[in-house]
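>>> the following block contains a protein sequence and its predicted model.
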Amino acid sequence: MSDGREPDRDGFGEEISRALRAGAGEARPRAEFRDALRERFVDGSLQPAVPAAAAPAARGRVLPIPRWAAYPAAAAILVGAFALAGVFEPKAPVEPVAPIPGKDGPVDLALAAVEGRLKTIPALAGHSYQRRVIDGRPWLLPSETAFAEGQELRSIAATLGNVERVLAHALPEVAARPALPVVTLVAPDRATFEGLVTPRIAPFPLNEFTVAYPLREIGALLVTPEVLEPGGLVCEPMRVALPEVHAWLQARAAPGVRLPLWADAGINGRAGEAFPEMGMDAAAMRGWCREVLEEARKAKFDPFEPAEVLSLRDYATMARLVGSRAPRPAEPYSLVSLFSAHAEGLVLFLTDEGDGPARRDAFGKWLLAALDGKDTDPAATAKALGFESPEALFAARDRWLGL
């Protein structure tokens with residue numbers, strides 16, 4: 001501290017240095033103090049003082065511990081205690097909070113229904129599962145599943161929720177149909193997932209990008225356990241989003257009913273709107289359909305007639321048809337994208353909001369009837385949608401696409 005005088009540069013600095021050295025000498029414990037402290041530590045008589053109470057009797061002299069010594073010593077003791085207690089060990093992953101569903105509520109009923117149907121699939125029946133409710137969505141996970149603090153679960157739940165909101169906007173009549181929520185079922189391991197999915201997508205090969213698939217017979221969306229690993233395969237949201245479209249539609253279908261493939265697959269074009277950050281809005285999907293079909297017409301090769309697009313029932317039948325007509329036998333499925341462009345372009349056309357509600361209403365009514373199992377042959381479908389024939393329907397769609 002200065003006494004108010006102006007410091008005289010070097011002389012003032014020397015005074016400060018002497019004062020610091022003197023203070024350090026006074027604070028440094030004397031040799032006799034260190035010896036006594038070491039002796040009391042060894043014989044166990046070193047005890048902390050208790051405020052406002054007489055200090056307990058101790059052998060030898062009682063030495064007060066200055067603060068500069070007590071604070072580091074206490075800190076060292078606490079550090080040792082915490083280390084022994086495992087405080088500094090890596091924390092175990094925190095499982096996501098799982099609210100208990102209300103009795104007989106939709107989530108509880110959906111979980112109970114899927115749990116009951118699991119017995120019909122031997123590959124899944126031999127495992128125990130735990131219930132989870134993530135953002136209001138029901139999950140069944142094998143008991144041994146790791147959760148990665150629930151971040152992946154919440155990410156997938158958010159993706160599925162976005163898809164369902166887009167579908168509800170595009171298909172309000174279908175969304176209003178009573179249905180239990182889709183249960184997301186995590187497979188016990190990748191081998192089980194592949195064993196269940198491979199025969200269902202044949203003749204298409206299964207690859208590492210296939211991470212989800214709707215199991216119609218039990219009303220669940222099956223996902224592979226890798227999607228729960230931090231930074232795992234679910235980095236691409238569309239890998240779980242598109243299978244969710246089919247699961248959402250199937251949950252609203254009458255038992256045993258399957259939509260024609262063009263409607264089931266074509267609605268994928270609207271589901272892309274759940275990912276505006278990926279540039280997959282309705283305009284972008286419309287442009288993609290136009291480009292694919294335009295290229296096919298330039299090459300003067302399209303394996304699908306309008307009536308065939310409307311009549312195909314499943315992917316396997318469609319794949320065999322494409323394979324039988326493929327211009328390059330070595331690539332039998334190279335033209336499958338043409339079917340997607342036909343189907344998605346048709347659904348985008350039928351659900352377009354810019355041409356008035358009549359066409360959207362007609363498609364909504366047709367879709368509800370199809371989900372009930374009503375006639376969906378090509379001619380009846382075209383008439384229900386307001387066109388005299390499948391060819392007239394596709395011609396109107398082509399004009400809307402700009403072909």
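Okay, I see it. Numbers count the residues shown, from 1 in each chain.
>>> could I get the CA-only coordinates of stretch 203-215 as CSV?
The C-alpha trace of stretch 203-215 is given here as CSV (Å, rounded to 0.1, in the frame of the first residue of the first chain):
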residue,chain,number,x,y,z
PRO,A,203,-36.1,-59.3,-54.3
PHE,A,204,-34.5,-56.0,-53.2
PRO,A,205,-31.3,-56.5,-51.2
LEU,A,206,-31.1,-55.2,-47.7
ASN,A,207,-28.2,-52.9,-46.9
GLU,A,208,-26.8,-50.9,-44.0
PHE,A,209,-29.1,-48.0,-44.8
THR,A,210,-32.2,-50.0,-44.0
VAL,A,211,-32.8,-49.2,-40.3
ALA,A,212,-36.6,-49.3,-40.0
TYR,A,213,-39.5,-51.3,-41.4
PRO,A,214,-43.2,-51.4,-40.6
LEU,A,215,-44.3,-54.8,-39.2
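>>> pull out the buried positions in that stretch.
Neighbour-count burial for stretch 203-215, counted by 16 or more other CB atoms under 10 Å, picks out 206, 210, 211, 212, 213, 214, 215. Quick note: C-beta positions are derived from backbone N, CA and C, even for glycine.
>>> ditto for stretch 317-331
Under 16+ other CB under 10 Å, the buried positions of stretch 317-331 are 318, 319, 321, 322, 323, 326.
>>> what's in contact with that stretch?
The list of residues contacting stretch 317-331 from outside it, by CB atoms under 8 Å, 6 or more residues apart in numbering, reads 203-204, 261, 301, 303-304, 308, 312, 332-336, 338-339.
>>> out of the residues you listed, which are buried?
Among the contacts of stretch 317-331, those buried by neighbour count (16+ other CB under 10 Å) are 261, 303, 304, 308, 312, 332, 335, 336, 338, 339.
>>> which two among those residues are spaced furthest apart?
Farthest-apart pair in these is 261 and 332; separation 17.8 Å (CB to CB).
>>> point out where the stretch 1-150 of the chain drops to low pLDDT.
The model of the stretch 1-150 of the chain has pLDDT under 70 over residues 1-104, 146-149.
>>> go again using 80 as the cut-off
Scanning the stretch 1-150 of the chain for pLDDT under 80 picks out the ranges 1-104, 144-150.
>>> and if you look at the stretch 151-300 of the chain?
151-152, 229-238, 271-282.
>>> switch to 50 and redo it
234 (pLDDT under 50).
>>> residue ranges for the helices of it, please.
Using DSSP state H, counting those that start in this stretch, the helices of the stretch 151-300 of the chain run over residues 151-170, 172-175, 190-201, 238-251, 261-266, 268-271, 282-298.
>>> can I get those in TSV including distance to residue 184?
TSV is the format used below for the helices of the stretch 151-300 of the chain (distance: least, CB to CB, whole Å):
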stretch	distance to residue 184
helix 151-170	7
helix 172-175	19
helix 190-201	13
helix 238-251	9
helix 261-266	19
helix 268-271	16
helix 282-298	25
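>>> of all those, which lies closest to residue 109?
Using CB to CB, the nearest of these to residue 109 is helix 238-251, at 12.2 Å.
>>> so what secondary structure elements neighbour the closest one?
Counting contacts by 3 or more CB pairs under 8 Å, 6 or more residues apart in numbering; DSSP states H and E, helix 238-251 packs against helix 151-170, strand 212-215, strand 220-223, helix 268-271.
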